[in-house]
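Novice: No letters, just coordinates:
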C-alpha cells in the first residue's frame, strides 16, 4: 500500500515537472514536444468553429428543447449515434446499439370512475378524496400510525409494536415529523429511513390513506388539476418498482376523514388539531420533543372502507447514448475513463410566449457538444489512450438525474472498471466586463470555470487535474462550490453524483448559473465559443492523462456524509 502511495506521489510530481515544459511550448514550434503530444492526441480537432456547428444543431428550435421524453430528444440521440458510428466507436448500449433504452411509465387517473365508500356512505373523487393513479380496489383492516416515518438517526419509528401486513395504513399529513429535516435522512433509504409509502411497500401493506394537514389542503385544487392533465409527467418504470409494487396513496378531505374516524379512539378533528400543534394526545420519548408522535391504534374491525381507483398506464421510451473508444494497452483497456453530459433540457417551457422553447444551449447543449467534440478528436487521433474511454450522454437529468441513476443501477459495462468520471454540465457562458445583472453575479469569466468534487474522493485525481490545467492552458479553476456545505447543493444536481455514490471519483465542470438558466434565452448565439474551446481542450487533456496513468487514481477519502443522504432522489 505504501509503495502505491509513494508511486502516486512520484507520478504527480513528475507530471508537475514535465507538463509545464511540455504544454507551455505549444506555441513556439510545431517541432516542440508539446506540439507532438497535442498532435498525437488530436487536441487541435477541438475548435470553436466545430463546437458552434454541433451546438447550433443540438440547441436549435427544431429539437424543441429536448425534453425527456420527446421527439427532439430522440432526434438528438440519433444525431449523436450517427456520428459515433461514422467515427468507429463501439456501441455500448443494448443489443449492439448505442442506445440504453429506458421504459417510462405514465399513470393516468380516471377520476370519473374512481369511487369510495365508508360503511355504505358514498364519497366523490375530487371533492372528498384524491388518489394516486394506481388502479386498485382497496379494502381491509386499518391502522393509524401518526406521521408514519422511520428515521433511525433521530430514533424515530412510528411502527413500534405495529404490524402493517395486509392492512391499510392511515397517517396524518405527508410531511416529515416535527424536528426532522432532509439532513437527518442519513444512510440508506429503506433501511436507515423510510417515509410512510416506502415503509408500507416494504412491509406488505395494502395502501396508505392520509388525514389532511394544512399543506395538503392548500394544494388540494392544484393536485386535482394536475391529475386531470391528459399527459401527466412520466416516471422511470424500474425506479417505481424497485421497492415493490406501487401502492394506492389517498388524500382524504376533512369531511371524509371525519367519517373514517367516527367512533374511533380519536376523532379526525382531534388528530388535525394535534397535527396543527394544539392537541394534547402525544407521547414524548426519551429522544426529546423532535420525536413526538401520536400513539398508534387499530381502527374498529367492523368498519368497512372500500376505494376503487380507476387508472391506465402508458409506456413511452427514452434512452441514454453509450459508446466506447477502446484503449491501446492490452491490460489497461479493460478499464475506463468515463465522460458524461446530459443531452436533455426542459422542452417547451413557455407555451404562451413569443419564444416558447427552452433551447438549453448552455444547459446542457454545451456539455453534449463537448462530448461529441472529444469523441471526434479521440477517434481521429494518431494515438490511442491506454485505457478505454466511456462516453455516456444521459437523458432525464432535468427530471431528477434519471439517466445517470439508470446507468449506474443497470450498467452496460462493469462499474468497478470505471477509474474516474468527468462530468460536463454548462461550460459555454461567460460573464462580460461591466455586467451588473444580479442573475449573472456568479457566472464564471472567459478564462474561468468552476471545478467541483475533484479532490473529495481522490487526492491523486485532484492533483492531476490541477497539474494538467496549470501546465496547459492555465484556466482559472474556481473551487468555491467544492464544498459539502454549499447551499446551492450543486454536487447533488448533476449526473456525476450518481457515479460518486457508487464509489467512482469524479470531476464536475460548470460555468455557474446565469440570467438564462432554464429560460428561453439560453440560445446558441449567447455561447462564448472561445472559452468553450479552452475548457473542452483542457478536459480532453485531463482525460488523456487519467487514461494513461499506470495505476488508477486511488480513492483515499470517503464521500462526505452529506452526499450520501437522499440528495438527488
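Specialist: Received the coordinates, thanks. Values in this document were obtained by computation on a predicted structure and should not be read as measured data. Numbers count the residues shown, from 1 in each chain.
Novice: shaky segments in the protein?
Specialist: Residues of the chain that meet the criterion pLDDT under 70 lie in 1-31, 243, 275-294, 565-569.
Novice: ok, now how distant is the most centrally placed residue in the chain from residue 66?
Specialist: Nearest to the mean C-alpha position of the chain, by CA atoms, centre = their mean, lies residue 401 at 2.2 Å. To residue 66, residue 401 is 16 Å away according to CB to CB, to the nearest Å. C-beta here means a position set from N, CA and C on the backbone, and glycine is covered the same way.
Novice: What backbone torsions are found at residue 68?
Specialist: Main-chain dihedrals, residue 68, degrees, to the nearest 10: phi -110, psi 120.
Novice: unless I'm mixing things up, it is touching residue 393, no?
Specialist: No. Applying CB atoms under 8 Å as the test, residue 68 and residue 393 come out as separate, 11.8 Å apart.
Novice: who has more neighbours, those two?
Specialist: Neighbour tally, residue 68 and residue 393, criterion other CB atoms under 10 Å: the higher count belongs to residue 393, 30 against 27.
Novice: wait, is residue 52 part of a strand?
Specialist: No. Looking at residue 52 with DSSP: H, G, I helix; E, B strand; the rest coil, it is helix, so not inside a strand.
Novice: quick one: the closest residue in space to it that isn't next to it in sequence and residue 502, what's the gap?
Specialist: Using CB to CB, 6 or more residues apart in numbering and skipping residues adjacent in sequence, the residue nearest residue 52 is residue 529, 5.1 Å away. As judged by CB to CB, residue 529 and residue 502 stand 34 Å apart.
Novice: Show me which of the two is the more surrounded one.
Specialist: Neighbour totals were compared for residue 529 and residue 502, and residue 529 leads with 19 against 14 (other CB under 10 Å).
Novice: Please report the distance of that one from residue 50.
Specialist: Look at residue 529 and residue 50: by CB to CB, they are 9 Å apart.
Novice: And for residue 230?
Specialist: The value you get for residue 230 to residue 50, if CB to CB is used, is 42 Å.
Novice: More neighbours: which of these two?
Specialist: Each of residue 230 and residue 50 has its neighbours counted (other CB under 10 Å); residue 50 has more, 18 against 5.
Novice: just the helices in the stretch 351-500 of the chain please.
Specialist: Remark: helices assigned in the stretch 351-500 of the chain by DSSP state H, counting those that start in this stretch are 367-380, 402-409, 459-471, 496-501.
Novice: So for residue 323, which of these sits nearest?
Specialist: Residue 323 sits nearest to helix 367-380 of all the helices of the stretch 351-500 of the chain, at 7.1 Å, using CB to CB.
Novice: Now do that closest one: which elements does it pack against?
Specialist: Counting contacts by 3 or more CB pairs under 8 Å, 6 or more residues apart in numbering; DSSP states H and E, helix 367-380 is packed against helix 48-58, helix 71-87, strand 317-325, strand 336-342, strand 388-394, strand 418-424, helix 529-547.
Novice: Output these in a markdown table; the columns should cover distance to residue 306.
Specialist: Below are those laid out as a markdown table (distance: least, CB to CB, whole Å):
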| stretch | distance to residue 306 |
| --- | --- |
| helix 48-58 | 52 |
| helix 71-87 | 42 |
| strand 317-325 | 36 |
| strand 336-342 | 44 |
| strand 388-394 | 43 |
| strand 418-424 | 50 |
| helix 529-547 | 59 |
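Novice: Out of the ones you listed, which is closest to residue 440?
Specialist: Of all the helices and strands packed on helix 367-380, it is helix 529-547 that lies closest to residue 440, at 14.5 Å by CB to CB.
Novice: Can you get me a residue count around the closest residue in space to residue 328 that isn't next to it in sequence?
Specialist: Of all residues not flanking residue 328 in the chain, residue 384 sits nearest, at 3.8 Å (CB to CB, 6+ apart). If you count neighbours by other CB under 10 Å, residue 384 ends up with 19.
Novice: Looks like residue 386 contacts residue 327 (just checking).
Specialist: Yes. With contacts counted by CB under 8 Å, residue 386 reaches residue 327, the gap being 5.2 Å.
Novice: Name the residues contacting each of these two.
Specialist: Residues touching both residue 386 and residue 327 (CB atoms under 8 Å, 6 or more residues apart in numbering): 333, 547.
Novice: Could you identify the longest strand within this protein?
Specialist: Using DSSP state E to define each element, the chain has its longest strand at strand 99-109.
Novice: what sits up against the next helix-or-strand element following that strand?
Specialist: Note on strand 99-109: by DSSP states H and E, the next helix or strand toward the C-terminus is strand 115-118. Strand 115-118 is contacted from outside by 122-123, 125, 128-129, 250, 256, 259-260, 303-308, using CB under 8 Å, 6+ apart.
Novice: which one of those residues is nearest residue 512?
Specialist: residue 250 (43.1 Å).
Novice: Give me the buried positions along whichever strand or helix holds that closest one.
Specialist: Using DSSP H and E, residue 250 sits in strand 249-252. By 16 or more other CB atoms under 10 Å, the buried positions in strand 249-252 come out as 249, 250, 251, 252.
Novice: What is that strand packed up against?
Specialist: With contacts defined as 3+ CB pairs under 8 Å, 6+ apart, the packing partners of strand 249-252 are strand 129-131, strand 207-211.
Novice: Quickly run through the sheet partners of that strand, with directions.
Specialist: strand 129-131 (antiparallel), strand 207-211 (parallel) (DSSP bridges).
Novice: Make JSON lines out of those strands and add distance to residue 431.
Specialist: Formatted as JSON lines, those follow (distance: least, CB to CB, whole Å):
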{"stretch": "strand 129-131", "distance to residue 431": "46"}
{"stretch": "strand 207-211", "distance to residue 431": "47"}
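Novice: Surely residue 230 is within a strand?
Specialist: No. Applying three-state DSSP, one finds residue 230 to be coil, outside a strand.
Novice: which ones are touching it?
Specialist: Per CB under 8 Å, 6+ apart, neighbours of residue 230: residue 108.
Novice: Can you list phi and psi of it for me?
Specialist: Main-chain torsions, residue 230, degrees, to the nearest 10: phi -70, psi -20.
Novice: what's the spacing between it and residue 72?
Specialist: Residue 230 sits 20 Å away from residue 72, going by CB to CB.
Novice: same question, residue 47
Specialist: Using CB to CB, residue 47 is found at 26 Å from residue 72.
Novice: Verify the stated contact: residue 272 with residue 213.
Specialist: Yes. The criterion here is CB under 8 Å, and residue 272 meets it with residue 213 at 7.4 Å.
Novice: out of those two, which sits in the busier spot?
Specialist: Between residue 272 and residue 213, residue 272 has the larger neighbour count (other CB under 10 Å), namely 22 against 19.
Novice: tell me the secondary structure for that one?
Specialist: Reduced to three states by three-state DSSP, residue 272 is helix.
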